[in-house]
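Visitor: Attaching a predicted model along with its sequence, questions to come.
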Amino acid sequence: MKKRADRPMQLALLLVAAAFLLPQLWLFSLSTKTKAQVYEYPPKLISENASLRNYAAVIEKTQIPFYLWNSARVAVLATALTLLLGIPAAYVLSRERFKRRDGIVFLFLAAQMVSPLILLVPIYGLVAKLHLLDTHAGLVLVYSAIQIPFTVVVLKSFFDGLPTSLFEAARLDGCSRFSVFRLVALPLLGPGLASVAIFNLAAYWSEFCLALVLLDSQARFTIPVGLFSFQSGYETEWHLVAAASFIGLLPVLLAFIMLQRFFVAGLTAGATKG
């Protein structure tokens with residue numbers, strides 16, 4: 001009886017998985033076709049003489065490897081800066097008692113509802129005043145500022161879930177507030193830290209609009225902006241665009257697969273409160 005009751009849930013999960021996987025399978029299919037096969041009718045998922053030649057052409061004859069390096073550098077640096085600022089802020093909001101604490105948490109929650117596109121013009125002006133236009137440093141600062149509210153709110157829930165008795169015992173043993181944070185809280189934050197880091201890395205890797213506005217030099221383009229530059233005003237080589245897009249998608253997929261264990265553990269840990 002229990003297996004029959006689980007079937008609707010399993011079917012729903014299969015439908016959701018198909019909705020995410022089918023576009024990626026079709027993208028991979030396009031990347032293995034020739035220019036003529038892209039426009040064949042009826043379309044085929046697996047065409048005759050399918051090959052990986054498009055991948056070799058993209059890697060050897062385009063700037064895709066440099067775009068990948070730029071995206072990796074920006075994503076890693078922005079994630080590191082976001083966590084460096086977000087972890088202490090989340091800990092203080094979770095464990096310290098002070099005036100207007102709830103108001104600050106509400107502001108962080110409200111900030112997540114504001115789209116960065118609405119603030120695109122003031123963000124551009126601020127970065128220009130800092131003389132950081134067309135630099136990865138400017139992009140890292142903007143990314144971190146946008147993601148800090150999300151990071152603080154999520155990590156605060158993980159800190160809230162840690163047993164209060166651990167912190168009280170550490171204070172009774174003579175630990176300072178910073179020592180409690182460093183020796184007690186941080187070692188227990190692993191799963192939550194991993195899940196937040198994965199979310200931030202994926203967000204930074206795929207971000208397009210801010211990078212398009214703040215970067216001008218092709219040598220500094222990240223992978224989404226680099227893929228956009230593949231499109232031509234006269235004719236677009238869609239089979240090459242598909243190959244380059246799948247190459248840009250692959251690092252994120254691999255990161256989720258390799259860190260899935262930590263990601264699921266982080267979601268589970270955040271669901272409980274001690």
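Guide: The structure has been received and is ready for your questions.
Visitor: which residues touch Leu259?
Guide: Applying C-beta atoms under 8 Å, 6 or more residues apart in numbering to Leu259 gives the contacts 194, 198. C-beta coordinates here come from the backbone N, C-alpha and C atoms, glycine included.
Visitor: if we go to 10 Å?
Guide: Under the criterion of C-beta atoms under 10 Å, 6 or more residues apart in numbering, the neighbours of Leu259 are 194-195, 197-198, 201, 266.
Visitor: Ok, Arg182 next?
Guide: Arg182 makes contact with 175-176, according to C-beta under 10 Å, 6+ apart.
Visitor: Distance-wise, check it relative to Ala203.
Guide: 27 Å (C-beta to C-beta, to the nearest Å).
Visitor: can you give me the offset of stretch 117-134 from its chain's centre?
Guide: Centroid separation for stretch 117-134 versus its chain: 22 Å, with C-alpha atoms, centre = their mean, to the nearest Å.
Visitor: Stretch 45-55 too?
Guide: That offset, for stretch 45-55, works out to 30 Å (C-alpha atoms, centre = their mean).
Visitor: tell me the mean pLDDT for it?
Guide: Averaged over stretch 45-55, pLDDT sits at 80.
Visitor: for stretch 231-248, same thing?
Guide: On average, stretch 231-248 scores 79.
Visitor: helix or strand for the residue nearest to Thr151 when sequence neighbours are not counted, which one?
Guide: Among residues not flanking Thr151 along the chain, Gly86 sits closest, at 3.6 Å (C-beta to C-beta, 6 or more residues apart in numbering). Element membership for Gly86, per DSSP states H and E: helix 64-95.
Visitor: Show me which residues of that helix are buried.
Guide: Buried residues in helix 64-95, counted by 16 or more other C-beta atoms under 10 Å: 64, 67-68, 70-72, 74-75, 77-79, 81-83, 85-87, 89-95.
Visitor: Show me what it is packed up against.
Guide: Helix 64-95 is packed against helix 53-61, helix 101-111, helix 136-160, helix 177-180, helix 190-206, helix 209-214, helix 223-229, helix 238-258, with contacts defined by 3 or more C-beta pairs under 10 Å, 6 or more residues apart in numbering; DSSP states H and E.
Visitor: looking at the ones you listed, which has the lowest confidence?
Guide: Among these, helix 177-180 scores lowest, with a mean of 80.
Visitor: contacting residues around the helix or strand following that helix?
Guide: Per DSSP H and E, the first helix or strand lying C-terminal to helix 177-180 is helix 186-188. With C-beta under 10 Å, 6+ apart as the test, helix 186-188 has contacts from 87, 91, 158-159, 161-163, 166, 180, 193, 269.
Visitor: Ok, stretch 123-131 next?
Guide: 116-117, 119, 132-135, 137-139, 141-142, 145-146, 210, 213-214.
Visitor: buried subset of those?
Guide: The buried subset of those (16+ other C-beta under 10 Å) comprises 132, 135, 138-139, 141-142, 145-146, 210, 213-214.
Visitor: Report the two of those residues separated the most.
Guide: Thr135 and Ile146 (16.9 Å; C-beta to C-beta).
Visitor: Show the pLDDT at Ala271.
Guide: pLDDT at Ala271 comes out at 45.
Visitor: now the residue nearest the centre of the chain, nearest residue through space, not along the chain?
Guide: In the chain, the residue lying closest to the centroid (C-alpha atoms, centre = their mean) is Ala202, at 1.9 Å. Nearest non-adjacent residue to Ala202, counting by C-beta to C-beta, 6+ apart: Val252, 5.5 Å away.
Visitor: Sounds good, over and out.
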